[in-house]
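K.L.:
coords please:
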Amino acid sequence: MQAWKDYQEKNKERFLNELLELLRIPSISAKSENVKDMGDCAEAVKQKFLEAGVDKVEIFPTEGHPIVYAEKIIDASKPTVLVYGHYDVQPADPLNLWHSGPFEPVIKDGKIFARGSADDKGQFYMHVKALEIMSKTNSLTTNIKFIIEGEEEIGSPNLAKFVASHKELLKADVILISDTSMISLENPSIDIGVRGLSYIEVEVTGPNRDLHSGVYGGAVANPITVLAKMIASCHDENNHITIPNFYDDVIESTVAERKLMAEAPFDEKEYEKDLGIHAVWGEKGYSTNERTGIRPTLELNGIWGGYTSEGAKTVLPSKAHAKISARLVPNQSSQKITDILLKYFKSIAPEGVTVKAEEHHGGEPYMTPIDSTAYKAAEKAIEATFNKRPIPVRGGGSIPICALFEKELSLKIVFMGFGLDSDNLHSPNEKFDLANFYKGIETIPYFHKYFAEMS
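P.N.:
Below you'll find the predicted structure:
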């Protein structure tokens, strides 16, 4: 609609400046030193909702970081869309790899560089501005509710309790999430599923203290060496996961689904160039897109032990540590896989060391039905602004709360992500293209329009 375009064009600089204000708040949920920043960010999000024209907004405290709820109810007889997002962000480490301050947003080459720009402040804020556009132009066709949490990056430990105790407040007809990506502006896509997650930490302990590597080396098990061997045993020469029972519940994708995935444009050489690698790597027998969409994985997220500071110190360390995550596909259970991983690392510990393996957090895989009214509305909305029908794809990331929402609220989820896989999510120099930010704001009102018409 022309009124939407005119309003956005008139206010686009303000929209951007408001987002930059949010990006300056270091809302890192994983670090205790940022507790005040989390509260400040929740307050800022509340204020942005009020300015956008919601009828009601409230900050709900939890045992961890607060949840921001907002709503705009125009007619109880009309369909209601519940928008989910998160204002917390990943830690910015390693800081020395950032080209600019992670919480000092910089616009360069048409991109916003800042932690949280794409994941997920920039993306949930598109919905706030889309609401403002529809509200100010008197063109709202649905009721809209928002739940913006502050713990997604640490596994949403307090969200389940909140959702279970606020079912009436969160009552809706569909959940809309923009915390995913699309192939490109030239080739728009919609994620029809996300993978689940199992995250553990392993600690290997040898001697009761760090030892002189000359006096004791060769006679005492080195925890770093042992841990490295344990990790290496998790994959075979074809990069297939060797842990017993890991694949038991995996539903293999059909030939038809793999053929559909292959239709998505993908330039392997450009992919390698963007990442600065000389070749792709992964499970034999699958393409890159299949490895990141329809196959489960096991990745080492961090490993440390011994002396890592400047210079040399000849030490045989007492302990070694690793953080390990598995991405899961439909039919796999995060708890079952977590139990399998914990049991495996404890069972393969050689004599001379003890192993402690603990769970961090997890989440279930989720698939969106592509024959639903909501999916068709999203498809039509993207086609309206991109002039091209979106390609359905399987996302490689995880949004642990999806299965929770469906279980507690009996609602289906539609993903309308406008980021790119190359946005450096969870990495230094995270970015969000201005074109994608504005295109998201332009497209979202069409979803509400078509969902109302088709419901």
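
K.L.:
ok, which stretches of the stretch 151-300 of the chain are helices?
P.N.:
Counting by DSSP state H, counting those that start in this stretch, the stretch 151-300 of the chain forms helices over residues 159-165, 223-232, 255-262, 268-275, 288-291, given from the N-terminal end onward.

K.L.:
Show me which residues of the fourth one are buried.
P.N.:
Right, the one you point to is helix 268-275. Of all the residues in helix 268-275, not one is buried under the rule 16 or more other CB atoms under 10 Å. Bear in mind the C-beta positions are built from the backbone N, C-alpha and C, glycine included.

K.L.:
would I303 count as being in a strand?
P.N.:
Yes - for I303, which was evaluated using DSSP: H, G, I helix; E, B strand; the rest coil, the result is membership in a strand.

K.L.:
Bridged to it, which residues?
P.N.:
Beta-bridge pairing for I303 (DSSP bridges): A322.

K.L.:
what about it, neighbour count?
P.N.:
With neighbours defined by other CB atoms under 10 Å, the count for I303 comes to 15.

K.L.:
Show me how the chain divides into domains.
P.N.:
Residue ranges for the domains of the chain, per automatic domain parsing: 2-194+365-454, 196-250+296-363.

K.L.:
Y271: which of those is closest?
P.N.:
Across these, Y271 has its closest neighbour in domain 2-194+365-454 (9.0 Å, CB to CB).

K.L.:
So what would you say the end-to-end distance of the closest one is?
P.N.:
End-to-end distance of domain 2-194+365-454: 21 Å, with CA to CA, to the nearest Å as the criterion.

K.L.:
List the contacts of V329.
P.N.:
With CB atoms under 8 Å, 6 or more residues apart in numbering as the criterion, the residues that contact V329 are R195, G196, V250, I251, I294, R295, P296, P365.

K.L.:
What sits closest to P105 if chain neighbours are left out?
P.N.:
Closest residue in space to P105, ignoring its immediate chain neighbours: A114 at 3.9 Å, by CB to CB, 6 or more residues apart in numbering.

K.L.:
Phi and psi next, for that neighbour.
P.N.:
Dihedral angles of A114 (phi, psi; degrees, to the nearest 10) stand at phi -180, psi 150.

K.L.:
likewise R24?
P.N.:
Reported as degrees, to the nearest 10, the phi and psi values for R24 are phi -80, psi -10.

K.L.:
can I assume it is in contact with V106?
P.N.:
No - R24 lies out of contact with V106 (CB atoms under 8 Å); the separation is 11.4 Å.

K.L.:
can you list residues touching both of those two?
P.N.:
A114.

K.L.:
wait, what's in contact with F447?
P.N.:
V81, L176, A377, A378, A381, M416.

K.L.:
For I59, list each beta-bridge partner.
P.N.:
Applying DSSP bridges to I59 yields these beta-bridge partners: V68.

K.L.:
Tell me the confidence at it?
P.N.:
The predicted local confidence for I59 comes out at a pLDDT of 98.

K.L.:
Quick one: neighbours of it, just the number.
P.N.:
I59 has 16 neighbours, counted by other CB under 10 Å.

K.L.:
again with V106
P.N.:
Summarising burial for V106: neighbours were counted as other CB under 10 Å, giving 15.

K.L.:
The closest residue to it other than its chain neighbours: helix or strand, and which one exactly?
P.N.:
Distances taken as CB to CB, 6+ apart put S100 closest to V106, at 4.3 Å, once the chain neighbours are dropped. Here S100 is covered by no helix or strand, with elements defined by DSSP states H and E.
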